[in-house]
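Novice: structure for this input, please:
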Amino acid sequence: MRKTFAPNPKNIEKKWHFIDASDRILGQLASEVAILLMGKHKAEFSPNQELGDKVVITNAEKIAVTGKKLTDKVYQHYTGYPGGLRTETLGHLMERRPTEALRRAIKGMLPKNKLLDKRLMNLYIYAGSEHPHKGQEVKKI
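Specialist: Sure, this is the predicted structure:
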């Protein structure tokens, strides 16, 4: 009798992917990273389990955007107070917190379900080239 293989997060090995974001386009990079975080590149992919890999992105401050997005793309959040709708352009966000624009782009490409926070915990973004994950197995993209 054959048994159907059911993937389990305990049985699946998580690999580390190191990505250099220098001169990479924001949306294209975010799309690649979202696939790695979900685990869609694996044969054992299951949409209801967290089977994705860990991703380390360096040089987030050197990421490229096309067109006039630096001045035209606007991020909004509400403070919770009357008149508290805050807006910020992509250019200003990149000056203030260069990793946040990439994190928001990746979060927008992940499914909005209970696994979202678990998947984002496997994402490490650094503005410069230095990161504390040197001891991990190297697989550069």
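Novice: if I pick the nearest residue to Ile12 once chain neighbours are set aside, what's in contact with it?
Specialist: Distance criterion CB to CB, 6 or more residues apart in numbering; nearest residue to Ile12, sequence neighbours excluded, is Leu51 at 5.0 Å. C-beta here means a position set from N, CA and C on the backbone, and glycine is covered the same way. Residues near Leu51 by CB atoms under 8 Å, 6 or more residues apart in numbering: Pro7, Pro9, Ile12, Gly39, Lys42, Glu44, Phe45.
Novice: check which helix or strand covers the spatially most central residue of the chain.
Specialist: In the chain, the C-alpha nearest the mean C-alpha coordinate belongs to Ile106, at 4.0 Å (CA atoms, centre = their mean). Using DSSP states H and E, the element containing Ile106 is helix 98-108.
Novice: which of the residues in that helix are buried?
Specialist: Pro98, Thr99, Ala101, Leu102, Arg103, Ala105, Ile106, Lys107 (16 or more other CB atoms under 10 Å).
Novice: which strands and helices lie in contact with it?
Specialist: Under the contact criterion of 3 or more CB pairs under 8 Å, 6 or more residues apart in numbering; DSSP states H and E, helix 98-108 touches helix 26-38, helix 90-96, helix 116-120, strand 123-125.
Novice: which residues are contacting the shortest one?
Specialist: Contacts with strand 123-125, where a contact means CB under 8 Å, 6+ apart, come from 33, 37, 54-57, 60, 99, 102-103, 106, 131, 133.
Novice: hang on, the earlier thing: how much space between the residue nearest to Ile12 and Leu26?
Specialist: From Leu51 across to Leu26, the span is 26 Å (CB to CB, to the nearest Å).
Novice: so, low pLDDT: which residues of the protein?
Specialist: Across the chain, the ranges flagged by pLDDT under 70 are 1, 137-141.
Novice: one step back: next one: the helix holding Ile106 to chain centre, how far?
Specialist: Put simply, helix 98-108 sits 7 Å off its chain's centre (CA atoms, centre = their mean, to the nearest Å).
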